[in-house]
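1. Here is my input, please return the structure:
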Amino acid sequence: MTDDLLEFSEKPKAIEILDKNGNLLLAGDNNRRFFEAAWLHKYNDKYYFSYSTGDTHFICYAIGDSPMDHLLMADVF
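-> Next up is the predicted model:
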């Protein structure tokens, strides 16, 4: 964000979530795909991206070294 918090400081970038084999999660993967209600936090130098899968009502999280790089799928609840 810019200092006045009114604009992005750079163009938005799509978040890519990879499975344990390094494959991109696709929209048709209803049990693991990102749908809504995302939040991001940092803990012990790792970024945790948590979200809802939507119509399957699962909560998932993915972990990465940076919020701007690929995130690795960690678990589904």
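2. Quick one: the strands in this structure, in order.
-> 17-18, 36-43, 46-52, 59-64, 71-76 (DSSP state E).
3. and Asp4, which of the ones you listed is closest to it?
-> Among those, strand 36-43 comes nearest to Asp4, with 22.0 Å by C-beta to C-beta. Quick note: C-beta positions are derived from backbone N, CA and C, even for glycine.
4. List the neighbouring strands of the closest one plus their orientation.
-> Take DSSP bridges as the rule and strand 36-43 pairs in its sheet with strand 46-52 (antiparallel).
5. Just want the angle from the partner strand to strand 59-64.
-> Interaxial angle, strand 46-52 versus strand 59-64 (axes from the mean of the first three to the mean of the last three C-alpha atoms, to 10 degrees): 160 degrees.
6. tilt between strand 46-52 and strand 71-76?
-> Going by the same axes, to 10 degrees, strand 46-52 is angled at 60 degrees with respect to strand 71-76.
7. switch to numbering from 33
-> With 33 as the first residue, the last one maps to strand 78-84.
8. Quick check: mean pLDDT of strand 78-84?
-> Strand 78-84 carries an average pLDDT of 94.
9. same check, this time on stretch 46-66
-> Averaged over stretch 46-66, pLDDT sits at 87.
10. Sort out which residues of that stretch are buried, please.
-> Residues of stretch 46-66 classed as buried: Ile47, Ile49, Leu57, Asp61, Arg64, Arg65, Phe66 (neighbour count, 16 or more other C-beta atoms under 10 Å).
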